[in-house]
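> Have a look; sequence and predicted model below, questions after that.
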Amino acid sequence: MSDITDYERRIAAALERIGHGVETLARPVAVPEPDPVAEPVPPAVDTAELTALREALESERAANAQLVERVRAIKEKQDSTIGALERRVAKLTAQLEAGGLDAAKLRRANTQLSDASQALREAMAAALPEPHLINKAMLAELDALRALRASDAAEMEEILAELKPFLTPQPPEVANA
């Protein structure tokens with residue numbers, strides 16, 4: 001019940017404000033006399049000037065839309081370039097790791113070859129040719145040659161990977177003006 005009385009009170013207050021507003025609008029408004037010392041009031045804007053301003057606004061909006069489109073295109077190109085560079089870095093990192101493994105194999109094989117050759121030289125100096133030392137030296141030399149061949153093949157793959165973009169025909173680029 002108190003809600004109804006509250007609503008009635010609010011409606012009555014609103015009607016009273018509306019009545020005061022209508023009375024204010026019904027009273028004549030006094031136009032202030034222009035002050036001779038004050039700045040003159042600028043004349044009303046003519047329609048030709050308004051039309052020119054609207055045309056200028058539209059041309060600026062069109063230029064802004066073109067700039068937004070260019071920025072979007074540049075951002076897309078930048079994103080694709082960054083993606084391509086990231087893929088290339090990943091590929092080169094994998095090649096570097098593979099080259100490091102090949103180099104480690106080559107060092108290990110060369111160390112074995114050097115050890116086997118040293119043992120063979122010592123046996124020959126003592127005039128005790130031992131067939132197992134000759135076999136061991138030959139196996140170490142074969143391992144070194146295999147590692148060297150694998151290293152050469154990996155290096156050749158890297159060279160071919162770098163040359164491949166130059167060997168495939170590229171579509172002509174269209175210049176955007």
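Sure thing, it's come through.
> contacts and neighbour counts: CA atoms only from here.
Will do.
> Could you tell me which other helices and strands the helix of greatest length in the chain packs against?
Ranked by number of residues, the top helix in the chain under DSSP state H is helix 47-125. In terms of contacts (3 or more CA pairs under 8 Å, 6 or more residues apart in numbering; DSSP states H and E), helix 47-125 is packed against helix 131-167.
> In the helix it packs on, which residues are buried?
Within helix 131-167, the residues that count as buried by 16 or more other CA atoms under 10 Å are 133-134, 136-137, 139-141, 143-144, 147-148, 150-151, 154, 158.
> And these, which is closest to Ala116?
Ala137 (4.7 Å; CA to CA).
> any idea of the pLDDT on the closest residue to the closest one other than its chain neighbours?
In space, Ala137 comes closest to Ala116 once its chain neighbours are excluded; the distance is 4.7 Å by CA to CA, 6 or more residues apart in numbering. Looking at Ala116, its pLDDT stands at 79.
> what stretches of this protein score poorly on pLDDT?
1-2, 26, 28-45, 129, 170-177 (pLDDT under 70).
> OK, contacts around Lys105?
Shown in contact with Lys105 (CA atoms under 8 Å, 6 or more residues apart in numbering): Ala147.
> how far away is it from Gln95?
Distance, Lys105 to Gln95, using CA to CA, to the nearest Å: 15 Å.
> Please apply the same query to Ala109.
21 Å.
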